[in-house]
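Student: pasting the sequence and the predicted model now:
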Amino acid sequence: MPGPLLTMRDIVKTFPGVRALDGVTFDVNAGEVHALVGENGAGKSTLMKILAGAQPADSGEITIDGKTVTIDGPKTAERFGIGMIYQEFNLVPDLGVIENIVLGVEPRRGLFLDRAAAAAEAAKVLGELGIALPLDRKARRLSVAQQQLTEIAKCLVRKARLIVMDEPTAALTEREITALFALIAKLKAQNVAFVYISHRLEELPRIADRVTVLRDGRAIETRAMAQMPPDDLIRLMVGRALENHFPELPPVAPDAAVVLDVRGVSAASGVRVNDVAFQVHAGEIVGLAGLVGAGRTEIVRAIAGADIPTKGEIRIDGKRVVVRSPRSAIAAGIALITEDRKAQGLVLGMTVRENTTLAHLAQFERGIFIDKPAETSVANAEIAELRIRTPSAEQVVRNLSGGNQQKVVLAKWLIGHARVFLFDEPTRGIDVGAKAEIYALMVELLKHGAAIVMVSSELPEVLGMSHRVLVVRGGEVRADFARGEATPDKVIAVATGVAA
Amino acid sequence: MAGDKVPQAAEKAQVTAEMAARADDAAAKNRRAATIRTTAIVVGFIALLYVVNVLAHGDLLRPGNITNVLRQITVNAIMAVGQTFVIITAGIDLSVGSLIALTGVVMAQIANALPFSGAGNFAVTLLVGLAVGCAAGYVNALPVVRLGLPPFITTLAMMQVARGLAFILAHGQPIPLKNSAPFDWLGTGYLFPGLLGLPGIPYAVLVMAVVVIVFFVLLARTAYGRYVLALGGNEEAARLAGVDTVRVKTLVYVISGGCAAVAGLLLMSRFASGAPQNGTGYELQAIAAVVVGGTSLMGGRGTIVGTFFGALLIGVLNNVMNLLHVESYTQLIVLGVVILLAVVLDELRKRYLAAR
């Protein structure tokens, strides 16, 4: 038997503060579908970016056909027959299918593009696989499945022998998934290999030959898919005992009033939110667990008026509030601490002071003027309270570290009188010390009677920092676990669709 | 990150104190550096003016010439002030040159049609002009805030429409004021003429000063100004912080249109007529003043004081070249180079600061 098509050996990659890959070894045989699974942040994307030449590894070795190679850029990866299909497709929206397929490798005649040759080449690749695509249509008018087929054709025109697919079925219908799997099987027969990254564990037995589980930057185990029951898979993914760096959550008083009451809310921006209902009591944290793209962010955005709910009712302290914009939500006492602080939480070019007061500037108006000394003293108080490491309140927030930026976002909402705090991935990308401080702050808010909803993709965090855990899939709440009942296996099972 | 390490309790107080001391130190150093820089720029500028003054046989710094330069920049400075608000939101207003013509023509017709003269005539004329300018700004803003169209397009369209409208209303001819008396003070009048043997201050310059100060205060000292800057820096973050982004954005175009109307009034008063061909190309002059004044076309950053000095710099440069008898074609080249240079220097300064 010949050796593997690809071997990645002892791959190490360190980012500031994080060891993203800690000596991962991984191989793929020709004509095989090798599934790569793991929690968010386990290192799947980083490993594949290194393979695609998008990022260099710190150390480690890559061999293709037994020969050691250096992949120093996307072009090199392409030359070695590696094709990447990211979750966000890389098509040019205003070019047609043919132009997209041959983009960068266009056949030429002298100075000119040879359109006929390009069309012939595209038709040949598609014809061999029996794929029907509207060749003249612009990419932006294709369905998601058609765009994906275009991406696959793109790889094949480049003579790819190994295709990496990242969450290929996330946006497909069941019929499209079946068609995709049939296509993959056909390509396997032609000796094309696949690395198949997916959170949908239930579909892996249908498609994968082997599976490798990544956890915390290490390859924990590689097995034949047939010998990997779902329970084992989940156990391997979650693995570690929950690290106990979470503060003691004060219990919710038995007579605590309902602060946030969400009744049948639906919304239609991004992932469709369908008929979501739950209650949060004073002094309670409700965690929203689920996979990326499950609709958790969309749920909190609808509550906060960032997207406008199409249906349903939101009550605060028993009173119905009409949420038509972030403005009206803030007035009703709802604070949304967004997931992406750079894009949504902060004005990076403004100072700590200006960002801190932005949402409550009316409090600082004296006549028509802003009372800057008052702003400064409030900002300084927050800097001290949250231990924001900044030279002064006049520092531009772009120059702060991620954890300190996140604290500025928190400061912005703490100076108001919010009753409900919606935290969306509050600790993403920040260091352990800052994480602990943010948890402590949440506990502090609870003591003042706040109601907290926390979206988090880190399972230990959801389990460790919630009184109740709601599991979200497909924009709906699928399970509601009390603190004691919520185990990693149960939550993952519901989130991935293994259990109902 | 070593600097981010959580200190042990025992060391904490000391570390905090050290950090504070270091912060104070850094702040003081920054202030010193800023003072030195400002002083250097001012001294350099004065020295340059002195040299040019000698070359121009003392004409440059003659009081008459100084008031002349200030009067010449009034129209551009006022337009540029309004334009600054638009550009801070990462927009652009190409319609202001045409709005000068449109408001000028409308105001001349109103002034001629009113049955009364004096201050009442002036006041009504001004209000109508402002209404036309602000309404045009509102129309500019609508497709931008409702449909997300690029302001380049909507204001380009308004530039054509307003110009065409001005020509139609005026039948292609300048409309002379039948009675220019209510407007003469603004067009050619001086405050304190002859005082201390000086020519006095042109009223037009006073109007410019008022506009600059009012909008300086609005941008730098009020919540609205803060929202304009925040929206320009990160519109989504501003929206999620509860800023009424639609209203804030609409108002910047209304402000720009209103400023164009004031500029139109100055021009009409000076010539005692409203001409439909007035203001052609002025929008680019205003944009140049804003950009030279350090406002970022990417939005989020800019000051009214900077814009004023941008307009002043361009005005002084024009004046100097006239005094030195530089040919007018050459003047265009020099101006173009200066605009580019100003922005290049600003970019290099930013990179230097970021790299530190």
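Tutor: Yep, it's here.
Student: what ranges does the stretch 51-200 of chain A have for its helices?
Tutor: A:74-79, A:97-101, A:115-129, A:144-157, A:174-189 (DSSP state H, counting those that start in this stretch).
Student: which of these sits closest to A:P309?
Tutor: helix A:144-157 (25.3 Å; CB to CB). (Glycine included, C-beta is placed from N, CA and C.)
Student: quick check: buried residues in that closest one?
Tutor: In terms of neighbour count (16 or more other CB atoms under 10 Å in any protein chain shown), helix A:144-157 has its buried residues at A:145-157.
Student: same question for that helix, mean pLDDT?
Tutor: Averaged across helix A:144-157, the pLDDT comes to 89.
Student: cool, stretch A:110-128 as well?
Tutor: On average, stretch A:110-128 scores 87.
Student: before we move on, the earlier item: for the helices of the stretch 51-200 of chain A, which one ends up most surrounded?
Tutor: With neighbours taken as mean count of other CB atoms under 10 Å in any protein chain shown, the helices of the stretch 51-200 of chain A reach their highest mean count in helix A:97-101, at a mean of 25.
Student: give me the below-cutoff pLDDT ranges for the stretch 101-250 of chain A.
Tutor: A:240-244 (pLDDT under 70).
Student: tell me the residues on it that lie near chain B, please.
Tutor: Neighbours of chain B within the stretch 101-250 of chain A, by CB under 8 Å from any CB of the partner chain: none found.
Student: how many residues are close by residue 333?
Tutor: Looking at chain A here, since you left the chain open. Residue neighbour count, defined by other CB atoms under 10 Å in any protein chain shown, stands at 19 for A:G333.
Student: switch to chain B, that's the one I care about
Tutor: 11.
Student: for it, report the pLDDT, please.
Tutor: 93.
Student: now B:S98
Tutor: Here, the pLDDT recorded for B:S98 equals 97.
Student: how is A:R263 assigned, secondary-structure-wise?
Tutor: strand (DSSP: H, G, I helix; E, B strand; the rest coil).
Student: burial measure for the nearest residue to it once chain neighbours are set aside, as a count.
Tutor: Counting by CB to CB, 6 or more residues apart in numbering or on different chains, A:E313 is the residue found nearest to A:R263 once chain neighbours are left out, at 4.4 Å. Using other CB under 10 Å, the number of residues around A:E313 comes to 15.
Student: what does the helix or strand A:E313 falls within contact?
Tutor: Using DSSP states H and E, A:E313 sits in strand A:311-316. Identification of contacts with strand A:311-316 by CB atoms under 8 Å, 6 or more residues apart in numbering or on different chains yields A:258-266, A:275-277, A:303, A:320-321, A:323, A:332-334, A:419-420.
Student: rounded mean pLDDT for that strand, please.
Tutor: The model assigns strand A:311-316 a mean pLDDT of 93.
Student: just the buried positions in it, please.
Tutor: A:312, A:314-316.
Student: thinking again about what came up before, so which of the helices of the stretch 51-200 of chain A comes closest to B:T188?
Tutor: B:T188 sits nearest to helix A:97-101 of all the helices of the stretch 51-200 of chain A, at 63.9 Å, using CB to CB.
Student: just checking, what packs against that closest one?
Tutor: helix A:115-129, helix A:144-157 (3 or more CB pairs under 8 Å, 6 or more residues apart in numbering or on different chains; DSSP states H and E).
Student: neighbouring contacts of the shortest one?
Tutor: So the one you mean is helix A:144-157. With contacts defined as CB under 8 Å, 6+ apart, helix A:144-157 is touched by A:83-85, A:89-91, A:97, A:100-103, A:105, A:121-122, A:125-126, A:129, A:131, A:133-134, A:139, A:142, A:163, A:168, A:171-173, A:176, A:179-180, A:183, A:187, A:192.
Student: the longest one too?
Tutor: Contacts of helix A:115-129 with the rest of the structure, by CB under 8 Å, 6+ apart, involve A:97-99, A:101-102, A:106-107, A:109, A:132-133, A:135, A:149, A:153, A:156-157, A:183, A:186-187.
Student: hmm, try it at 10 Å
Tutor: Residues from elsewhere that reach helix A:115-129 (CB atoms under 10 Å, 6 or more residues apart in numbering or on different chains): A:96-103, A:105-109, A:114, A:131-133, A:135-136, A:149-150, A:152-157, A:182-183, A:186-187, A:190.
Student: can you give me the pLDDT of the residue nearest to B:V334 when sequence neighbours are not counted?
Tutor: Leaving aside its chain neighbours, B:V334 sits nearest to B:M321 (6.5 Å; criterion: CB to CB, 6+ apart). B:M321 is assigned 89 on the pLDDT scale.
Student: which helix or strand contains B:M321?
Tutor: Using DSSP H and E, B:M321 falls in helix B:304-323.
Student: list the buried ones in that helix?
Tutor: Going by neighbour count (16+ other CB under 10 Å), the buried part of helix B:304-323 is B:304, B:306-323.
Student: stretch A:271-280 now?
Tutor: A:271, A:273-274, A:276, A:278, A:280.
Student: B:M159: which of the buried residues of helix A:144-157 is nearest?
Tutor: Nearest to B:M159 among those is A:Q147, at 39.6 Å by CB to CB.
Student: and that closest one, how far from A:N100?
Tutor: 9 Å (CB to CB, to the nearest Å).
Student: return every residue with contacts to both of these two.
Tutor: Shared contacts of A:Q147 and A:N100, counting by CB under 10 Å, 6+ apart, come down to A:89-91, A:93, A:139.
Student: I'd like to know how many residues surround A:V408.
Tutor: Neighbours of A:V408 using other CB under 10 Å come to 26.
Student: quick one: contacts for the residue in the stretch 51-200 of chain B positioned nearest to chain A?
Tutor: Closest approach between the stretch 51-200 of chain B and chain A, counting by CB to the nearest CB: B:I88, at 11.0 Å. Shown in contact with B:I88 (CB under 10 Å, 6+ apart): B:219, B:225, B:228-233, B:252, B:290, B:295-303.
Student: run the last query once more with 6 Å
Tutor: B:228, B:232, B:299, B:302 (CB atoms under 6 Å, 6 or more residues apart in numbering or on different chains).
Student: near chain A, list only the ones from those residues.
Tutor: Near chain A, judged by CB under 6 Å from any CB of the partner chain, there are no entries from the contacts of B:I88.
Student: so which of the residues you listed are in helices?
Tutor: Among those, the ones falling in helices (DSSP state H) are B:228, B:232.
Student: got the contacts of B:I88 as CSV, with distance to B:T155, pLDDT and neighbour count columns?
Tutor: Formatted as CSV, those follow (distance: CB to CB, whole Å; pLDDT from 0 to 100; neighbours: other CB atoms under 10 Å in any protein chain shown):
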residue, distance to B:T155, pLDDT, neighbour count
B:V228, 17, 97, 28
B:G232, 17, 95, 28
B:G299, 15, 90, 21
B:G302, 18, 92, 24
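Student: ChimeraX command to pick out the buried ones of the contacts of strand A:311-316?
Tutor: Listed next is the ChimeraX selection for buried residues among the contacts of strand A:311-316, using 16+ other CB under 10 Å:
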select /A:259,260,261,262,265,266,276,303,321,323,332,333,334,419,420
